[in-house]
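> Curious how this folds, go ahead:
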Amino acid sequence: MKRVAMGICRSLFACLFVVVASSQAFSKETSPPNIVLVLVDDMGYSDLGCYGSEIETPNIDALAENGLRFTQFYNSGRCCPTRASLLTGLHPHQVGIGHMTAPPGKVLNAPPAYQGHLNETCVTIPQVLKSQDYHTFMTGKWHLGHVNQNDWPMQRGFDRFYGGISGAFNYFKPGGDRGMTDGNEDVETEDGFYATDAFTDIACDYISDARRADDKPFFLYLAYNSPHWPLNAKVKDFEKYRGRYTDGWEAVMKARQAKQREIGLFGESLQPAPHVGPAWDSLKAKKRDDLDAIMAAYAGCVDNIDQNIGKLVSHLKSIDQYENTLILFLSDNGACQEGGRLGFGDENMVRNPPLETTNGVRQGLAWANASNTPFRLYKHFLHEGGANTPLIAHWPGGIPESRRNSFVRQPAYLPDIMATCVELAEAEMPGDVPPCQGSSLANALTGDLEAAKQPIHDTPIFFEHEGNAAMRDGDWKLVREYKKPWELYNIADDRTELSDLSTAESERRDRMVAAWEAWATKTEVAFPERYNMYQEMKNHE
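Below is the predicted model:
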């Protein structure tokens, strides 16, 4: 009896210890945070209110006001290379998406760095976080491999997935190879479907289901296709902005520059890059009216994203998960010029959008240039307008109150997100995959003011897409457009890349070019001639 009693006592003590330990492990003070990674598609640097825009984004602005805004966060210049780097902590070439993903039904005979889908030598953020018992969810745009189901979200670490496997798709009625998938099954959408709303609603359902099951933390990757073309704005969101852009892009850029100075994003000395489109007053009245409609559709899409962020935040608060959830909000590249110089579409196309197709309204180069105020260039390119993204970090339980509504001005880039998630989840990268190329942002998020001023990177960071190339080394940036000469800028003095120092600083330029070429060789980047999968497909047709 005595031995039994002692055994019972030990068992009770062990149970009590587990309960106490479990309670401590999941308390708000000590538990690893939930992580929500929100990626929007083709949104420009200045398209949020908290980065200078006239577009109404109060919910996202609130995240910035109670969190941190990064001013020099770099993407990979294009949709799927950015997604590849973001989710793996590696350069796109290291994981097989050095250019783009292979289109549906196409199998490429391509070099490994350009095979067009995720390779087997990388792991994703959800795969790593599952080792720490995280629930892992995704809703939205995948765009990391379509042909083989082994490349799909459920096979790459997500417990639950709903969204589009391909690239662009229709917001109202996605169809064909660009339809919706639930888990691994293609599904039809119901009447009244709207992608941005659906992705948020289903993400909230996933979170609620997990909280009812247990107290484990969750990782949510919420990858909106908005505001990528076709600009399928809801009519009510479109009408809200119709008529606001009748003064043209010069007026928009001037107002955004003034607001950026007012909120402290940039100093008074910053010289904005000039606009590259035609003078607004040189256009005929009908064209100006169509252009107002195009930008109103774009603004309506961004406004709707903000509405959905408000819905997500309200849901987190309602289930008591707001305080210990890190929300990271960013765009995959700069605004998109792919609709031609003056874009495509009119009011009728907004009100009566083609369905089950990606035909529709496109922003175009002139408006994209304004969206990227005050920078040069846009999507595809690695000048600041293409490769710099707004990044907002919001975490009430982690970011010190004294640092909220401030800026993180040190350069950072996509692989840092993996490193950050690994550190905050107290996980480890597997030893049989390439090491993460990023540095954790945890100190920049949770440290005091002095700690947050420390460089995130003490070694150079590198980029390449379609022969466009760049390198950041401290304040210096080496950059070029494909087949054009290398340019060199001191970003601390010349953030908008207007004063090329490649001749005056020729020795520095040559050292940096050599360093970029060494990185490119090691990373299997195709240079000096770029690899273009679309051209390769034409050559083999």
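> for the protein, what helix or strand is lowest in average pLDDT?
helix 2-25 (a mean of 34; mean pLDDT, DSSP states H and E).
> Past it, which element shows up next along the chain?
As assigned by DSSP states H and E, the chain's next helix or strand after helix 2-25 is strand 34-40.
> could you give me the average pLDDT of that next one?
Per-residue pLDDT over strand 34-40 has a mean of 98.
> Show me which residues of the helix or strand immediately after that strand in the chain are buried.
The element immediately downstream of strand 34-40 (helix or strand, assigned by DSSP H and E) is helix 58-65. Using 16 or more other CB atoms under 10 Å as the test for burial, helix 58-65 gives Asn59, Ile60, Asp61, Ala62, Leu63, Ala64. C-beta here means a position set from N, CA and C on the backbone, and glycine is covered the same way.
> do the same with stretch 335-348
Ala335, Cys336, Gln337, Glu338, Gly339, Leu342, Gly343, Phe344, Gly345, Asp346, Glu347.
> ok, and the closest non-adjacent residue to the last one?
Yep, that's Glu347 we're talking about. Setting aside the residues directly before and after it, Glu347 is nearest to Ala293 in space (CB to CB, 6 or more residues apart in numbering), at 4.3 Å.
> That neighbour: what's it in contact with?
Ala293 sits next to Phe238, Arg242, Gly345, Asp346, Glu347, Val350, Val361 when contact means CB atoms under 8 Å, 6 or more residues apart in numbering.
> does the second one really touch Ala296, like I thought?
Yes. The pair Arg242 / Ala296 is scored as a contact, 4.5 Å apart, by CB atoms under 8 Å.
> the more surrounded of the two?
Counted by other CB atoms under 10 Å, Arg242 and Ala296 do not tie: Ala296 has more neighbours, with 25 against 19.
> Could you tell me whether that one really is in a helix?
Yes. Under DSSP: H, G, I helix; E, B strand; the rest coil, Ala296 falls within a helix.
> For Ala370, see how far away it is.
13 Å (CB to CB, to the nearest Å).
> What segments of the stretch 351-500 of the chain are strands?
388-394, 406-408, 412-413, 461-465, 468-473, 476-480, 487-490 (DSSP state E, counting those that start in this stretch).
> The stretch 201-350 of the chain too?
So, for the stretch 201-350 of the chain - with DSSP E, counting those that start in this stretch - the strands run 218-223, 325-331.
> any chance of those strands in CSV, plus mean pLDDT?
Putting the strands of the stretch 201-350 of the chain into CSV (pLDDT from 0 to 100) gives the following:
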stretch, mean pLDDT
strand 218-223, 98
strand 325-331, 98
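> so which of those gets nearest Ile417?
strand 325-331 (6.7 Å; CB to CB).
> Name the strands paired with that closest one and say parallel or antiparallel.
strand 34-40 (parallel), strand 388-394 (antiparallel) (DSSP bridges).
> and these as JSON lines, adding distance to Arg156 and mean neighbour count?
Formatted as JSON lines, those follow (distance: least, CB to CB, whole Å; neighbours: other CB atoms under 10 Å):
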{"stretch": "strand 34-40", "distance to Arg156": "14", "mean neighbour count": "25"}
{"stretch": "strand 388-394", "distance to Arg156": "23", "mean neighbour count": "25"}
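> The stretch 201-350 of the chain: helices as residue ranges?
Ranges of helices in the stretch 201-350 of the chain, per DSSP state H, counting those that start in this stretch, are 235-241, 249-262, 285-318, 347-351.
> same for the last one, what does it pack against?
I take that to be helix 347-351. When contacts are defined as 3 or more CB pairs under 8 Å, 6 or more residues apart in numbering; DSSP states H and E, helix 347-351 sits against helix 235-241, helix 285-318.
> and the first one, what does it pack onto?
Pointing back at helix 235-241 there. So helix 235-241, by 3+ CB pairs under 8 Å, 6+ apart, packs with helix 285-318, helix 347-351.
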